[in-house]
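Asker: sequence unavailable; structure follows:
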């Protein structure tokens, strides 16, 4: 006798709890391959151990068919939809959690076609992971593999106008000593520390040693540029020898107009110039001893500095006059440039123990006076007045 599936299900629902608590098998041979049309409704299963089981004894898969088209199949341990047709939930019907596990390898999520062949989340080229912004108005790209300015296979972090920050302040590094980034490109600035400068390409806080180099022996650091807590800029703070590049010829101090001073290198001469290098600047000091060559030494009267010509070597800072072949009493120094009032000098006879007096003559001459012996060496130190 053949029993229709609809009749059997009706009877089962009428029986209620006692039947649903048991396992009921509807064999294709017993029911002659019945087809259920319409809605299949199962009443409430009140027993804690009650199950509604779908079994396919001897078949290769359970196939779900809607409107005459297969949409999904359950084959062993794999639930397979027809490619690119089935969604897992929708915008208003969502799963709470997704738990994945694997027996052999790490569980994976694969999105798209031609995706990566390894990794837990496998995307195609150009795929991205996005999040909605805080006001719910636009997506923000978190990470994407793409082409930027002609450079393929570039990993882009964040979207335009968004910041990428560490999870905690001052606790995470970008790279490590054994795995450093090759190059760093910044469009605006590098900012270091707390309360840094508000402008500039490299922005440092007060009192920081901003730029430090390792010495050649690799046993100490060399502080190249920094500042103190009293707002003093330090250059080469812990290294006795500092040098401005060989190509540098001018250093403006405070500004680059004629309202500021500057230092200029002219071969081996250091000049004090105006900030725009339009002329010489002035120096204000308690003591100022300019250095220039001594033009020469001569007799004041007949043989006053020896019967043969006396000689002088050195500069205004330190010169040595050698008295001629005979004794003398007066040797006149001649200076290359004129002093405002006179050239003041101090002198000493390094050969004979005598007193030596210096007397300014005019703005370009000063006399050395003493009881000199032939060949005496008389040193002098002079400065303009």
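Answerer: That came in fine, so what should we check first? Just so it is clear, the model here is predicted, and its values are computed rather than measured.

Asker: low-confidence ranges, the stretch 251-385 of the chain, go.
Answerer: Scanning the stretch 251-385 of the chain for pLDDT under 70 picks out 287-290.

Asker: mind listing the helices for it?
Answerer: Shown for the stretch 251-385 of the chain, no helices are assigned by DSSP state H, counting those that start in this stretch.

Asker: from the chain's centroid, how far away is the lengthiest strand in the chain?
Answerer: The longest strand of the chain (DSSP state E) is strand 139-148. Taking CA atoms, centre = their mean, to the nearest Å, the mean C-alpha location of strand 139-148 is offset from the chain mean by 23 Å.

Asker: now stretch 298-316
Answerer: In terms of CA atoms, centre = their mean, the centre of stretch 298-316 is set 66 Å apart from its chain centre.

Asker: do the same with stretch 292-308
Answerer: Relative to the chain's own centre, stretch 292-308 is displaced by 66 Å; criterion: CA atoms, centre = their mean.

Asker: stretch 315-332 too?
Answerer: Remark: stretch 315-332 is offset 63 Å from the chain centroid, using CA atoms, centre = their mean.

Asker: okay, now the residue nearest to residue 361 when sequence neighbours are not counted: neighbour count?
Answerer: Spatial nearest neighbour of residue 361, chain neighbours left out: residue 367 (5.9 Å); criterion: CB to CB, 6 or more residues apart in numbering. Just so you know, the C-beta spots here come from the backbone N, C-alpha and C atoms, and that holds for glycine as well. With neighbours defined by other CB atoms under 10 Å, the count for residue 367 comes to 19.

Asker: tell me which element residue 181 falls in.
Answerer: Following DSSP states H and E, there is no helix or strand that holds residue 181.

Asker: outline the domain layout of the protein.
Answerer: Here the domain assignment for the chain is 5-81, 101-130+140-158, 246-284, 294-384, based on automatic domain parsing.

Asker: out of the ones you listed, deepest packed?
Answerer: Among those, ranked by average contacts under mean count of other CB atoms under 10 Å, first place goes to domain 294-384 (a mean of 17).

Asker: first vs last residue of that one, how far apart are they?
Answerer: Using CA to CA, to the nearest Å, the end-to-end distance of domain 294-384 comes out at 13 Å.

Asker: ok, now stretch 83-94?
Answerer: 21 Å.

Asker: where do the helices sit along the stretch 101-250 of the chain?
Answerer: Under the criterion DSSP H, counting those that start in this stretch, the stretch 101-250 of the chain carries no helices.
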